[in-house]
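Student: Kindly return the folded structure for what I paste below:
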Amino acid sequence: MPSETPTLTDVARLAGVSENTVSRVVRNKGSIAEETRRRVTSAIDQLGYVPNRAAGSLASSSSLIIGVLLPSLSNIVFPEVLRGIHAALVSTPYQPMIGVTDYDLRQEQKILASMLAWQPAAIITAGFEHTDESRRMLQSNRIRVAELMDIDNRPIDLAVGFSHRKAGRAAAEHLVRRGYRRIAYVGHDWTADRRAFFRYEGLCDGLQQAGLAVAAELRFNGPSSTLAGRDTLGRLQQQAGDVDAVVFSNDDMAVGGFMHCLGDGIDVPAQLALFGFNGLEIGQALPKPLSTIRSNRFLIGKTAAETLLQASERAVEPHIIDTGFDIIEGATA
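Tutor: Numbering: from 1, shown residues only. Predicted coordinates:
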């Protein structure tokens, strides 16, 4: 396999066909035997080859593109990351090209291939989870890559964020210091949101250090929302009996939990303590400000973009920047 960015010539050599045949398969032009097409596409996948759509009229401006792949823009978390990226780029000639994956790794792969075809200067994506094909494309194209929001793994190039496992442990330690012992967990689907699972693992570790365990737990089978938090806490209380504190997978869920307590006349935190994650403004606007962990989302986006622009070449070893997190004591735990 080539040590530099794979080329059309490399694909042709591996597939045992001419460069013209590879070009026709890539452009889906002309009649190609199915077996030939299979060999070419297999070679493309194996090498992580991305066709250069920027060749020609856009080639001179392609280096000014920063590809940004985000899981969602429907909640405040990733728009705040995007604001940080924008703040770092606004005084430069670089422009972001934004794709939304909806937490779907296959969709990320599809958008990534489209972005790389325009030869961006760098790619910014969320988390370490990628399909094998996406990882090969990111590794073999040698452009700068920033993976955001998590630092609990080895990055391809640059990771900017914080440890979600440490955040989970910090939540446990905070509640134990406050005297809570029967601590439950209310969450949402971990399939799409692996960082929520890592925080849960950290919570379990922190409780174990104190000689405790999660007293009860229930997860909503879908994405997080205030309605999901409200309804799931209600179901947990019916099933689990007496608990004195609940850790939610994020602030959206915790705000819903607070609404459940308001509706059922449950005194927070005297009868039930609530603890969230993210430090969203809505949580601090509650009648009793939410106890939670604040992630530095704007700083994560800004730091990632600034760091990528400092050097056009990857370092020999991957680099990790820990932006940390803060406990917001609030009034609910």
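Student: and the gap between the residue nearest to residue 289 when sequence neighbours are not counted and residue 232?
Tutor: In space, and not counting its chain neighbours, residue 289 is closest to residue 330: 4.4 Å by CB to CB, 6 or more residues apart in numbering. Glycine gets a C-beta too; all of them are placed from N, C-alpha and C. Going from residue 330 to residue 232 by CB to CB, to the nearest Å gives 20 Å.
Student: same check, this time on residue 291
Tutor: 18 Å.
Student: Going by neighbour count, which residues of the helix or strand bottoming out on mean pLDDT in the chain are buried?
Tutor: Sorting the helices and strands of the chain by mean pLDDT, DSSP states H and E puts helix 19-27 at the bottom, at a mean of 86. Buried residues in helix 19-27, counted by 16 or more other CB atoms under 10 Å: 21, 22, 23, 24, 25, 26.
Student: remind me which residues of the stretch 51-200 of the chain are low pLDDT?
Tutor: 52-63 (pLDDT under 70).
Student: Now do the helices in the chain.
Tutor: 8-15, 19-27, 34-47, 77-89, 105-116, 132-140, 164-177, 194-209, 226-240, 251-264, 281-284, 297-310 (DSSP state H).
Student: Tell me which of those is the most buried.
Tutor: With neighbours defined as mean count of other CB atoms under 10 Å, the helices of the chain peak in mean count at helix 251-264, which reaches a mean of 23.
Student: Counting by contacts, list what it packs against.
Tutor: With contacts taken as 3 or more CB pairs under 8 Å, 6 or more residues apart in numbering; DSSP states H and E, helix 251-264 sits against strand 183-187, helix 226-240, strand 245-248, strand 273-275, helix 281-284.
Student: what's the neighbour count on residue 280?
Tutor: By other CB atoms under 10 Å, 23 other residues sit near residue 280.
Student: Can you tell me the closest non-neighbouring residue to it?
Tutor: Nearest non-adjacent residue to residue 280 (CB to CB, 6+ apart): residue 251, at 4.2 Å.
Student: need the buried residues of helix 19-27 in TSV with distance to residue 163, can you?
Tutor: Listed next are these as TSV, based on distance: CB to CB, whole Å:
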residue	distance to residue 163
21	48
22	43
23	46
24	48
25	44
26	41
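Student: show me what contacts the residue nearest to residue 280?
Tutor: By CB atoms under 8 Å, 6 or more residues apart in numbering, residue 251 lies in contact with 276, 277, 278, 279, 280, 282, 283, 290, 292.
Student: let's see 7 Å
Tutor: Counting by CB atoms under 7 Å, 6 or more residues apart in numbering, residue 251 touches 276, 277, 278, 280, 282, 283, 290, 292.
Student: State the pair within those residues that is farthest apart.
Tutor: Greatest spatial distance among the contacts of residue 251 (CB to CB): 277 and 282, at 13.2 Å.
Student: For residue 321, which non-adjacent residue is closest in space?
Tutor: residue 160 (4.6 Å).
Student: doesn't residue 304 make contact with the one you found?
Tutor: Yes - assessed by CB atoms under 7 Å, residue 160 is found in contact with residue 304 at 4.3 Å.
Student: tell me, what's touching those two both at once?
Tutor: 146, 148.
Student: So what would you say the end-to-end distance of stretch 93-109 is?
Tutor: Across stretch 93-109, the terminal residues are separated by 27 Å (CA to CA, to the nearest Å).
Student: Next: stretch 98-109.
Tutor: End-to-end span of stretch 98-109 (CA to CA): 14 Å.
Student: what does that stretch contact?
Tutor: Here stretch 98-109 makes contact (CB under 7 Å, 6+ apart) with 68-73, 111, 115, 129-131, 133-134, 192-193.
Student: Which one (most neighbours) among these?
Tutor: Neighbour tally across those (other CB under 10 Å): the maximum, 28 neighbours, falls on residue 68.
Student: dump the residue contacts of residue 294.
Tutor: With CB under 7 Å, 6+ apart as the criterion, the residues that contact residue 294 are 279, 325, 326, 328.
Student: Low-confidence regions, the stretch 201-333 of the chain specifically.
Tutor: Ranges of the stretch 201-333 of the chain meeting pLDDT under 70: none found.
Student: now, which of the contacts of stretch 98-109 lie within strands?
Tutor: Judged by DSSP state E, the contacts of stretch 98-109 include 68, 69, 70 as members of strands.
Student: could those go into CSV alongside distance to residue 244?
Tutor: Formatted as CSV, the ones in strands among the contacts of stretch 98-109 follow (distance: CB to CB, whole Å):
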residue, distance to residue 244
68, 42
69, 41
70, 37
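Student: Cool, thanks, talk later.
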